[in-house]
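Engineer: Sequence and predicted structure below; questions after.
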Amino acid sequence: MTLVADRVTYRRPDGGFVLPPTDLTVRPGRITALVGPSGCGKTTVAHLLSGLLVPGSGSVTAGGVDVRRRRGRLPGHTALLDQDPVSASDPHLTLRRALTLSASVRGVPVDPDALAVEVGLDPALLDRRPAEVSGGQLQRACLARALAQEPRYLIADEATAHLDPLSTTAIARTLRRRADGGLGVLAITHDLRLAESWADEVVELETHAP
Ligand SMILES: Nc1ncnc2c1ncn2[C@@H]1O[C@H](COP(=O)(O)OP(=O)(O)OP(=O)(O)O)[C@@H](O)[C@H]1O
C-alpha cells in the first residue's frame with residue numbers, strides 16, 4: 001500500500017505561490033527523501049500528502065483511495081512530524097500526556113516509556129512540559145508522539161534542521177528502524193548530503209519562479 005501524489009498542484013490563496021504538477025510516491029519499508037531549496041514547496045507537498053491541504057488538481061491516494069474520501073480520519077494513518085516542534089506542541093501538556101492523547105485518538109495502546117527510549121529520550125523527561133526541555137529533546141518527543149499513532153506513513157518535515165548531531169542521529173536511527181519494520185517515510189530536507197545518507201531514494205522538487 002503506497003501513498004501517492006499524482007500530478008498534484010496547489011495555488012496559495014494569496015496567489016503568491018503555485019506548485020506545478022508534482023508526482024511523489026511513499027512506499028512501505030522505504031525512506032524517500034524530498035529535497036529542494038528553501039521556498040520551493042516541500043512543506044506544501046507534505047501538507048498535501050497528509051491531507052491538510054486539498055490539491056487544486058491531481059490526486060493524493062493511500063492504497064488507491066483518494067485521501068479526501070477519508071474525511072475525519074488521517075488518510076491511511078499518515079503522521080506529520082512538523083519542522084517546528086514548539087508550535088506543534090501544546091505548551092500546557094506534559095510530553096507524556098500529549099503522547100498518550102495522540103495514541104488514544106487512534107485507539108492505539110501505548111507504552112510511553114518504551115517509545116521515549118526508542119527515540120533516544122530519557123523517559124523521565126516525559127513528565128515535563130515543552131518549555132522545560134531542549135529543542136532536540138522536544139523534537140524527539142514529537143517523533144515519539146507521531147509514532148504513538150502507529151502510522152502507516154510518516155512525513156518528517158525538516159525534522160532535524162536545527163538539531164545537534166546526537167538528536168539528528170537518534171531521529172535518523174529511529175526512522176530507519178521503523179522503515180525496516182514497514183513504515184513508509186518521507187523525509188523532507190534541504191540538505192542533500194543528509195538525504196543521501198538517510199534515504200533509499202532521493203526525489204528533487206523542481207524550483208520555479210512564483
Ligand atoms: N505563510 C505564508 N505566507 C505567504 N507565503 C507563504 C507562506 N508559507 C509559504 N509561503 C510561500 O509558499 C512557498 C512554498 O512554501 P513551502 O513552505 O512549501 O516551501 P519549502 O520548500 O518547504 O520551504 P523551506 O525549505 O524554507 O521550509 C514559499 O516560497 C512561500 O513564498
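Structural biologist: Great, that's in hand.

Engineer: any low-confidence regions in this structure?
Structural biologist: 69-76, 207-210 (pLDDT under 70).

Engineer: The ligand contacts on that one?
Structural biologist: The chain has residues 12, 14, 16-17, 36, 38-44, 158, 190 near the ligand, with proximity defined as CB under 6 Å from any ligand atom. No exception for glycine: its C-beta is placed from N, CA and C like everyone else's.

Engineer: Quick one, which of these are buried?
Structural biologist: Among the residues of the chain next to the ligand, those buried by neighbour count (16 or more other CB atoms under 10 Å) are Gly36, Cys40, Gly41, Lys42, Thr43, Thr44, Glu158, His190.

Engineer: The fourth one against Ala161, yeah?
Structural biologist: Right, Lys42. No. Using CB atoms under 8 Å, Lys42 is not in contact with Ala161; the gap is 11.2 Å.

Engineer: Which neighbours do the two have in common?
Structural biologist: His190 (CB atoms under 8 Å, 6 or more residues apart in numbering).

Engineer: The protein: strands as residue ranges?
Structural biologist: Applying DSSP state E to the chain gives strands spanning 3-11, 18-26, 31-35, 57-62, 65-66, 78-81, 153-157, 184-189, 201-204.

Engineer: So which residues of this protein form helices?
Structural biologist: For the chain, helices defined by DSSP state H occupy the ranges 42-49, 95-105, 112-118, 135-147, 165-180, 192-198.

Engineer: which one of those helices is the most hemmed in?
Structural biologist: The highest average neighbour count among the helices of the chain, using mean count of other CB atoms under 10 Å, belongs to helix 135-147 at a mean of 25.

Engineer: And the helices of the chain: which comes nearest Arg30?
Structural biologist: Of all the helices of the chain, helix 165-180 sits nearest to Arg30, with 6.2 Å by CB to CB.

Engineer: Which residues does the closest one contact?
Structural biologist: Residues outside helix 165-180 that contact it (CB under 8 Å, 6+ apart): 29-31, 118-121, 136-137, 139-140, 143, 147, 154, 156, 159-160, 163, 183, 185, 187, 194, 197-198, 200.

Engineer: Out of the buried ones among the residues of the chain next to the ligand, which two sit at the greatest distance?
Structural biologist: So, those by CB to CB: farthest apart are Thr44 and His190, at 14.1 Å.

Engineer: For Gln137, which residues are in contact?
Structural biologist: Per CB under 8 Å, 6+ apart, neighbours of Gln137: Leu121, Leu125, Ser167.

Engineer: Tell me the one among those nearest to the ligand.
Structural biologist: The closest of the contacts of Gln137 to the ligand turns out to be Ser167 (CB to the nearest ligand atom; 18.7 Å).
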